[in-house]
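Q: Fold the stuff below for me.
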Amino acid sequence: MNYAAEASGGSSALPLLVVVAFAAFVYFLMIRPQQKRRREVQDMQSTMGLGDEVVTVGGLYGIVTEVADDFVMLEIAPGVSAKYARAAIGKVNQKAAVEEEPAVEEESVVKPDAD
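A: Numbering: from 1, shown residues only. The predicted model follows:
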């Protein structure tokens, strides 16, 4: 009887299973959370608007005065503006207050009663 041939025949799937388990571990604990963070930062940078108070990745606080496709202008002190790449914005501290236009009231028409 050849016991060595029988023992090695059933273990060929174990190394493949270990590799697949390790790949799943790396994906769910490292790659997927990083993609989620990157997506959130891109959403934040794309929704940035005039008057928002932001912080750059370097720690500079400013108020957005102009927004373009690839840069933003920040007022960093009264009368002092600086041009920054959109990717340099790390966080939006406070969104600008959206001014709502007052609702126009419709005039009520009083109909005479038909007696």
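
Q: ok, which stretches of the chain are strands?
A: 53-56, 61-67, 71-77, 80-85, 89-94 (DSSP state E).

Q: how close does the residue nearest the centre of the chain sit to Tyr84?
A: For the chain, Glu40 is the residue whose C-alpha lies nearest the centre (C-alpha atoms, centre = their mean; 1.7 Å). Using C-beta to C-beta, to the nearest Å, we find Glu40 at a distance of 19 Å from Tyr84. For glycine as for every other residue, the C-beta is placed from the backbone atoms N, C-alpha and C.

Q: Likewise for Thr47?
A: Thr47 is 16 Å from Tyr84, by C-beta to C-beta.

Q: Which one of those two is surrounded by more residues?
A: Tyr84 (19 against 10; other C-beta atoms under 10 Å).

Q: Can you give me the pLDDT of that one?
A: If you check Tyr84, the pLDDT there is 94.

Q: before we move on, what about the one 4 residues further on?
A: Here, the pLDDT recorded for Ala88 equals 92.

Q: Over to Ala96?
A: 71.

Q: next one: Lys111
A: 62.

Q: where do the helices sit along the protein?
A: 3-9, 13-26, 32-46 (DSSP state H).
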